[in-house]
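The sequence isn't on hand, but the structure is:
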């Protein structure tokens with residue numbers, strides 16, 4: 001019985017460690033996304049707009065909110081896909097898509 005208890009404890013510790021590692025990796029990706037957004041932000045601000053990071057999902061979807069002039073711009077979808085998504089996929093491993101919310 002003692003071996004079963006030790007194994008159960010090891011499994012619990014392993015699961016806890018795995019969860020911490022995953023959490024740290026998600027935080028690193030979020031930081032990398034923020035840094036990449038800082039590169040594109042001046043171009044958006046030059047046109048009176050901006051971008052806010054809303055969320056990075058486990059499956060690599062980045063959700064952003066366009067602000068200012070970008071919010072209602074007819075070219076906003078092109079900005080998302082050809083600008084922001086392209087840059088993030090290039091700079092941040094694991095980014096699969098960018099969505100506007």
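Structure's in. What do you need? Just so we're clear, the structure is a prediction, and the values are computed from it rather than from any experiment.

hey, let's count contacts and neighbours off CA atoms from now on
Will do.

Show me what the longest helix seen in the chain is packed against.
Longest helix in the chain, counting residues (DSSP state H): helix 2-46. If you count contacts as 3 or more C-alpha pairs under 8 Å, 6 or more residues apart in numbering; DSSP states H and E, helix 2-46 packs onto strand 49-56, helix 86-91.

The last one: which residues count as buried?
Right, the one you point to is helix 86-91. For helix 86-91, burial by neighbour count (16 or more other C-alpha atoms under 10 Å) applies to 86, 87, 88, 89.

pLDDT below threshold where in the chain?
Low-confidence segments of the chain, defined by pLDDT under 70: 1-5, 8-15.

I figured residue 30 was touching residue 56, is that so?
Yes. With contact defined as C-alpha atoms under 8 Å, residue 30 reaches residue 56; the gap is 6.4 Å.

Beta-bridge partners for the residue nearest the centre of the chain, please?
Closest to where the C-alpha atoms of the chain average out (C-alpha atoms, centre = their mean) is residue 56, at 3.1 Å. For residue 56, the beta-bridge partners are residue 62 (DSSP bridges).

what's near enough to touch it?
Going by C-alpha atoms under 8 Å, 6 or more residues apart in numbering, residue 56 touches 26, 29, 30, 62, 63.

Nearest spatial neighbour of the second one, chain-adjacent residues omitted?
Read it as residue 29. Once flanking residues are discounted, residue 29 sits nearest to residue 92: 7.1 Å by C-alpha to C-alpha, 6 or more residues apart in numbering.

if we can go back for a sec, just the buried ones from the contacts of residue 56?
26, 29, 30, 62, 63.

From residue 7, how far out is the residue nearest to the centre of the chain?
34 Å (C-alpha to C-alpha, to the nearest Å).

What of residue 76?
Distance of residue 76 to residue 7, given as C-alpha to C-alpha: 54 Å.

Neighbour count for the two, which is higher?
Counting neighbours by other C-alpha atoms under 10 Å for residue 76 and for residue 7 shows that residue 76 has the greater number, 16 against 12.

What distance do you get for residue 99 to residue 81?
Noted for residue 99: a distance of 8 Å to residue 81, by C-alpha to C-alpha.
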